[in-house]
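In: here are the coordinates; sequence isn't available:
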């Protein structure tokens, strides 16, 4: 119904930057929120950053001075600029969308991408 495709992950050294991209497609009626979560090995998935259709953003405390979320939800795209990366940022980063499909415009659901690996070496 809704597909999310991420790109931009990779292997970098501490202090470097990466830009992650995500595009949503499929039978989208309206997306309300898009963003990024991450999951490190052996840890639960956690919020990194989200942005709402109205432009409100939310960041995890651990990244808010280093990462920046941007994009155009009306065009179903979101980006994550990651700066000053640290080894503890190593994780699989998942794109997230919350919205409805053309099949049921009144029902909102959460959708996830397959993830992109970010590895930061020290």
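Out: It's in. Everything numeric here is computed off the predicted structure, so don't read it as measured data. Residues are numbered from 1 along each chain as shown.
In: and the spatially most central residue of the chain, what does it touch?
Out: The centroid of the chain falls nearest to residue 36 when counting by CA atoms, centre = their mean (2.2 Å). By CB atoms under 8 Å, 6 or more residues apart in numbering, residue 36 lies in contact with 20, 22, 48-50, 69, 78, 80, 93-96. No exception for glycine: its C-beta is placed from N, CA and C like everyone else's.
In: Can you add distance to residue 30, neighbour count and secondary structure and give the residues you listed back as TSV?
Out: Shown next, in TSV, are the contacts of residue 36 (distance: CB to CB, whole Å; neighbours: other CB atoms under 10 Å; DSSP: H, G, I helix; E, B strand; the rest coil):
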residue	distance to residue 30	neighbour count	secondary structure
20	23	23	strand
22	17	25	strand
48	23	25	strand
49	21	24	strand
50	16	20	strand
69	19	20	strand
78	15	28	strand
80	22	25	strand
93	24	23	strand
94	21	20	strand
95	17	26	strand
96	15	22	strand
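In: Nearest to residue 113 among those residues?
Out: Closest approach between these and residue 113, by CB to CB: residue 95, at 3.8 Å.
In: I'd like the distance between the closest one and residue 29.
Out: 18 Å (CB to CB, to the nearest Å).
In: now residue 73
Out: For residue 73 relative to residue 29 (CB to CB), the value is 13 Å.
In: quick one, which of these two is more surrounded?
Out: residue 73 (21 against 16; other CB atoms under 10 Å).
In: Now name the helix or strand holding the residue nearest to the centre of the chain.
Out: strand 28-39 (DSSP states H and E).
In: List the neighbouring strands of that strand plus their orientation.
Out: Strand 28-39 sits in its sheet next to strand 46-52 (antiparallel), strand 91-101 (antiparallel), going by DSSP bridges.
In: and that strand, average pLDDT?
Out: Mean pLDDT, computed over strand 28-39, is 96.
In: chain center to that strand, what's the gap?
Out: Computed by CA atoms, centre = their mean, to the nearest Å, the chain-centroid distance of strand 28-39 equals 7 Å.
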